[in-house]
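1. Sequence plus the predicted model coming up.
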Amino acid sequence: MRVLISEDQIQARIRELGRQIDADYPEGPICLIAILKGACFFLADLARAVTRPARIDFMCTSSYGQGRTSSGEVKLTKDLDVSIEGADVVIVEDIVDSGVTLNYLIHLLRQRKPRTLCVAALLDKPARRIQPVELRYVGFQIPDEFVVGYGLDCAEQYRNLRDICVLHSYHEAPSFATKER
Ligand code: IMP
Ligand code: MG
């Protein structure tokens, strides 16, 4: 495993995003909606980087199954607790890959008539996009590599790593993994 983005880099970037969001919503309050489970750490840090009054809520989707490849279809497994009608909503996502999940969620949430709706994604992997999606706030653009840590998992492992790391394929020779460490 190799560190791609360190804890310090993540935290510094989130402070910048918080300042940007504060500037963009001078009236407050805003509603931050995190997509579980991956975005829970990002939400916790972003919500505290923002100084405007903020509500938080959660949605949960599944599309990736147990492994690394998308099934291509999104299922909503947990909906919001409260209405977002008339609210300034920011969807908080860990990583945008194909764009399928976010397109599904944006479409769903628009029907509920928020005043504004935008996306804050910690990571953007543009090389893998199948469906275009507008990202208002992006932490980092990353190359086409599978990453774990800071909420991101591989089969539910590694979410509690403090850094974002590249996970090498299980099939790689152990000597290669040792060299990279
Ligand atoms: P999308 O619908 O293909 O954009 O996938 C978005 C979701 O896929 C993210 O919220 C993650 O849960 C998962 N995902 C995509 N790429 C990665 C990765 O590199 N590591 C871990 N999870 C990923
Ligand atoms: Mg996710």
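-> The structure has been received and is ready for your questions. Ligands and ions are numbered 1, 2, ... in the order given.

2. any low-confidence regions in this structure?
-> For the chain, applying pLDDT under 70 flags the ranges 64-71, 169-181.

3. what does it put close to ligand 1?
-> Counting by C-beta under 6 Å from any ligand atom, the chain comes close to ligand 1 at 38, 63-64, 70, 93-101, 146-148, 152. Bear in mind the C-beta positions are built from the backbone N, C-alpha and C, glycine included.

4. give me that answer again for 8 Å
-> For the chain, the residues in contact with ligand 1 (C-beta under 8 Å from any ligand atom) are 35, 38-39, 61, 63-64, 68, 70, 74, 93-104, 123, 125, 128-130, 133, 145-148, 152-154, 167.

5. Longest helix in the protein, please.
-> As assigned by DSSP state H, the longest helix anywhere in the chain is helix 7-24.

6. Give the buried residues for that one.
-> Buried residues in helix 7-24, defined by neighbour count with 16 or more other C-beta atoms under 10 Å: 10, 13-14, 17-18, 21.

7. Distance of the closest residue to Pro53 other than its chain neighbours relative to ligand 1?
-> Distances taken as C-beta to C-beta, 6 or more residues apart in numbering place Pro29 nearest to Pro53, at 3.8 Å, with adjacent residues excluded. According to C-beta to the nearest ligand atom, to the nearest Å, Pro29 and ligand 1 sit 25 Å apart.

8. For Pro29, list the residues it contacts.
-> Neighbouring residues of Pro29 by C-beta atoms under 8 Å, 6 or more residues apart in numbering: 52-55, 88.
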